[in-house]
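**Q** can you look at this prediction? I've put the sequence above it.
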Amino acid sequence: MSEHHGPATGIQRWLYATNHKDIGTMYLWFSFAMFFLGGSFAMVIRAELFQPGLQLVEPAFFNQMTTMHGLIMVFGAVMPAFVGLANWMVPLMIGAPDMALPRMNNLSFWILPFAFAMLVSTFFMEGGAPAFGWTFYAPLSTTYAPPSVTFFIFAVHLLGASSIMGSINIIVTVMNLRAPGMTYMKLPLFVWTWVITAFLLIAAMPVLAGAVTMMLTDIHFGTSFFSAAGGGDPVMFQHIFWFFGHPEVYIIILPAFGVVSEIIPTFSRKRLFGYSSMVYATASIAFLSFIVWAHHMYTTGMPLAGELFFMYATMLIAVPTGVKVFNWIATMFGGALTFETPMLFCIAFVFLFTLGGLTGVMLSLAPVDFAYHDSYFVVAHFHYTMVAGAIFSMSAAVYYWLPKWSGKMYNETMGKVHFWVAFIGFNLTFFPQHFVGLAGMPRRIPDYALQFADFNMMSSIGAFIYGFAQLLFLYNVVQTIRKGKVNTDEKTWEGAEGLEWTVPSPAPFHTFSTPPTVK
């Protein structure tokens, strides 16, 4: 590499990329590919559940599908997508020339394709892919696991290393490379949410690494961390896993909050309502996320005092979240709203994420959770927060910033079609799951009782509609990059501080966030 002079071209441009925009682009395309892979696993799941009785796949393979769908969506689709967004936008938003640690940035991306190649290769190993659910509870993942679990453990280690490196990079960039005059309380909210997310990642990822390392020694080195026969405790695995796992769900959703806080003010033609309360609410959510983990474990027989603590702490998270929802609605209230594609996704986000939050409050109640636990009600709840939360906001972000990234405008009509097909497909998929869950249908099963048949059929049809919507999305993005309309009008926009900004061609007018404050 030392021989190389001038700008890299072809494959070298991507292999040795240290430019934050190139690395952001690679993250985004990689996460898109993983989104389609994880989505195809979901299609297998929904096809099997289209009607009662076993149709397409063996129960063991069905379990492999649910496991890999969860792992790939969480670690392969959503997290890298938001890291790609951070790589692209954080330096631009804070007036930095690039990320602070460009070589580490390159490494943190290139670890991912190898980690996921190893994870997916477990399908072709003896005993098949892991089939113990994305939460990989011991002893299913230790004593009774297929030999491929070792490769799964190594893949998880690599993913954690990638996340930690990316997080360090974001924190260092925001702390050291802000433009003059840009104090912390003037940072765009997307930057704030990512800084807080980065601290969460640095705190949570080593816990996951600890859990999988203990699994590794239990499997290969004769320890008994999670084996009761050797004096260990399988429930300890759940405590360690969820101490990572609950902050993880906020790692997934906080950048989404940041995206929505950028887009809603743009299409409301107003400044965001309650900026500082948004920052404090985000920090509160991050802090509280570390003291609620055992609400996933009410049914493990914890003491009553423990149930009460985790119940109240979990309900407390609804307060800062409610502040955020109130501020988004207050921003739209009285604004000059227009309903372009990014705004449609954000309004759907606010509505559907709030619905997911309400079912979350239901699940936080310990006595009630005894009935809901491990039912399809839980599946409906977390898909309303993860899909309507993370994926809808990610779609909004791509539509919002793609013209800025590519210099070309996407097809607005097709964007709106994508939105409505996705919105209808999503709700048709996951709303009925609340009903079958409350009626007692357990999750992670390939076959079910006859009384759940109608809602499951609706759910499966909805899933295929939602999957089709993503093909529209892909087509629209590719067409934009290949032959989107270049906007040649220079438009002058009055910035938030009353300064005039000339928006250079070819980037369209409505895709710009509030520029850095200039003193």
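**A** Perfect, I can see it now. Numbering: from 1, shown residues only.
**Q** any figure for the gap between residue 203 and residue 289?
**A** 10 Å (Cβ to Cβ, to the nearest Å). For the C-beta atoms, the positions are set from N, CA and C on the backbone; glycine is no exception.
**Q** repeat for residue 46
**A** 30 Å.
**Q** same thing with residue 432?
**A** For residue 432 relative to residue 289 (Cβ to Cβ), the value is 29 Å.
**Q** show me the shaky parts of the chain.
**A** Along the chain, the parts satisfying pLDDT under 70 run over 1-6, 488-519.
**Q** try it again at 90.
**A** Across the chain, residues meeting the criterion (pLDDT under 90) sit at 1-10, 485-519.
**Q** what segments of it are strands?
**A** 408-409, 485-486, 491-494, 500-503 (DSSP state E).
**Q** partner strands of the first one, with direction?
**A** Applying DSSP bridges, strand 408-409 is found paired with strand 485-486 (antiparallel).
**Q** quick one: distance of the strand it pairs with to the chain centre.
**A** Chain-centre distance of strand 485-486: 31 Å, with Cα atoms, centre = their mean, to the nearest Å.
**Q** again with stretch 464-475
**A** In terms of Cα atoms, centre = their mean, the centre of stretch 464-475 is found 18 Å from the chain centre.
**Q** list the buried residues in it.
**A** Neighbour counts over stretch 464-475 (16 or more other Cβ atoms under 10 Å) mark 464, 465, 466, 467, 469, 470, 472, 473 as buried.
**Q** look up how far residue 455 lies from the first one.
**A** The one in question is residue 464. 15 Å.
**Q** and if you look at the last one?
**A** Here the distance between residue 473 and residue 455 works out to 27 Å (Cβ to Cβ).
**Q** same check, this time on the fourth one
**A** In this structure, residue 467 and residue 455 are separated by 19 Å, where distance is defined by Cβ to Cβ.
**Q** please apply the same query to the second one.
**A** As defined by Cβ to Cβ, residue 465 lies at a distance of 15 Å from residue 455.
**Q** so how many other residues sit close to residue 143?
**A** When neighbours are defined as other Cβ atoms under 10 Å, residue 143 has 13 of them.
**Q** got the phi and psi for it?
**A** Dihedral pair for residue 143: phi -70, psi -40, per degrees, to the nearest 10.
**Q** which residues touch the residue lying closest to it once chain neighbours are set aside?
**A** With sequence-adjacent residues excluded and distances taken as Cβ to Cβ, 6 or more residues apart in numbering, residue 143 is closest to residue 227, at 6.5 Å. With contacts taken as Cβ atoms under 8 Å, 6 or more residues apart in numbering, residue 227 has the following neighbours: 138, 139, 142, 143, 218, 234.
**Q** count the neighbours of the third one for me.
**A** Translated: residue 142. By the criterion of other Cβ under 10 Å, residue 142 has 25 neighbours.
**Q** how about the contacts made by it?
**A** 149, 215, 218, 219, 226, 227.
**Q** which single one of these is nearest to residue 277?
**A** Ranked by distance to residue 277 (Cβ to Cβ), the contacts of residue 142 are led by residue 215 at 41.5 Å.
**Q** so what's the closest one up against?
**A** Applying Cβ under 8 Å, 6+ apart, the residues near residue 215 are 136, 138, 141, 142, 149, 153, 225, 226, 237.
**Q** buried stuff in stretch 353-370?
**A** Across stretch 353-370, burial judged by 16+ other Cβ under 10 Å covers 353, 354, 355, 356, 357, 359, 360, 363, 364, 365, 366, 369.
**Q** out of these, what pair is the most spread apart?
**A** Farthest-apart pair in the buried residues of stretch 353-370 is 353 and 366; separation 23.7 Å (Cβ to Cβ).
**Q** overlap in contacts of residue 203 and residue 289?
**A** Common neighbours of residue 203 and residue 289, counting by Cβ under 8 Å, 6+ apart, are residue 247.
**Q** ok, the two, which is more surrounded?
**A** Per other Cβ under 10 Å, whichever of residue 203 and residue 289 has more neighbours is residue 289, with 22 against 17.
**Q** isn't residue 46 right next to residue 458, touching?
**A** No: using Cβ atoms under 8 Å, residue 46 is not in contact with residue 458, being 10.7 Å away.
**Q** if you count surrounding residues, which of the two has more?
**A** Counted by other Cβ under 10 Å, residue 46 and residue 458 do not tie: residue 46 has more neighbours, with 20 against 17.
**Q** what segments of the stretch 251-400 of the chain are helices?
**A** Using DSSP state H, counting those that start in this stretch, the helices of the stretch 251-400 of the chain run over 275-288, 304-332, 341-364, 366-372, 376-385, 392-406.
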